[in-house]
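Enquirer: Below are the sequence and a predicted model; questions follow.
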Amino acid sequence: MASAILYGVLESGLCKKSDICVCDISDDTLNKYDKEIKTSKDNREALSCDYIILAVKPFILSKVLEELKSEDIKNK
């Protein structure tokens, strides 16, 4: 599902590959993306982006939100 959203955004022209950061704990998942798309195992890397899409399973959401809420994003 996350890949479908990502490629839909790219096809629509809303952003470029270089504007995107995909975060996942799996190297296999991250390696599937074009090299122009930034990838990271650290969810906090996504905070450098203007828009964030949390495409995670419901049971993982609280863990991801906990990681992100500890970051100071007021001046980003």
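Expert: Structure's in. What do you need? Numbers count the residues shown, from 1 in each chain.
Enquirer: ok so residue 67 is a strand residue?
Expert: No - read with DSSP: H, G, I helix; E, B strand; the rest coil, residue 67 is helix and lies in no strand.
Enquirer: Tell me the spacing between it and residue 44.
Expert: 6 Å (C-beta to C-beta, to the nearest Å). Every residue, glycine included, has its C-beta placed from N, CA and C.
Enquirer: With residue 69 instead?
Expert: Counting by C-beta to C-beta, the gap from residue 69 to residue 44 is 10 Å.
Enquirer: quick one, which of these two is more surrounded?
Expert: Between residue 69 and residue 44, residue 44 has the larger neighbour count (other C-beta atoms under 10 Å), namely 13 against 8.
Enquirer: That one is in contact with residue 66, isn't it?
Expert: No - using C-beta atoms under 8 Å, residue 44 is not in contact with residue 66, being 11.3 Å away.
Enquirer: where exactly do the strands run in this protein?
Expert: In the chain, the strands defined using DSSP state E lie at 21-23, 38-40.
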